[in-house]
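In: heads up, no residue letters with this:
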């Protein structure tokens with residue numbers, strides 16, 4: 001059986017254990033096959049986190065459209081000549 005470990009209203013871990021499992025860690029083990037780490041748990045309901053639009057990760061094509069300066073290529077190290 002799958003359990004969501006909930007601490008302060010947030011799922012911090014997902015574990016698989018028998019039904020007679022005794023949870024000895026911080027938080028509470030709540031049976032769930034749908035909850036994911038980072039979800040919230042309130043009033044008996046698991047909910048995915050709310051992602052604000054301006055904090056979403058940009059795709060590679062969106063990043064290419066930004067006005068960021070180009071990145072300089074890394075130069076290979078030069079070998080030192082043996083001078084005596």
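Out: Everything's here; your move. Predicted model, so just to flag it, every value in this text is computed and none were measured.
In: now do the contacts for residue 2.
Out: 14, 15, 16, 31, 32, 33 (CB atoms under 8 Å, 6 or more residues apart in numbering). C-beta: built from backbone N, CA, C; applies to glycine.
In: residues in contact with the last one?
Out: Residue 33 makes contact with residue 2 under the criterion CB under 8 Å, 6+ apart.
In: how about the secondary structure of residue 11?
Out: For residue 11, the secondary structure call by DSSP: H, G, I helix; E, B strand; the rest coil comes out as strand.
In: how many neighbours does it have?
Out: Neighbours of residue 11 under the rule other CB atoms under 10 Å: 24.
In: who does it bridge with?
Out: Residues found in beta-bridge contact with residue 11 (criterion: DSSP bridges) are residue 6.
In: pull the contacting residues for the residue nearest to residue 10 when sequence neighbours are not counted.
Out: In this structure, residue 10 finds its nearest non-sequential neighbour in residue 40, 5.8 Å apart by CB to CB, 6 or more residues apart in numbering. If a contact means CB under 8 Å, 6+ apart, then residue 40 has 9, 10, 11, 46, 47, 49 as its contacts.
In: may I have the beta-bridge partners of residue 40?
Out: In this entry, residue 40 is beta-bridged to residue 10, residue 47, by DSSP bridges.
In: what about it, distance to residue 78?
Out: 55 Å (CB to CB, to the nearest Å).
In: what ranges do the strands span in the chain?
Out: If DSSP state E is used as the criterion, the strands of the chain fall at 2-7, 10-16, 28-31, 40-42, 45-47.
In: and among the ones you listed, the most buried is which?
Out: Here the criterion is mean neighbour count by mean count of other CB atoms under 10 Å, and of those the winner is strand 2-7, at a mean of 19.
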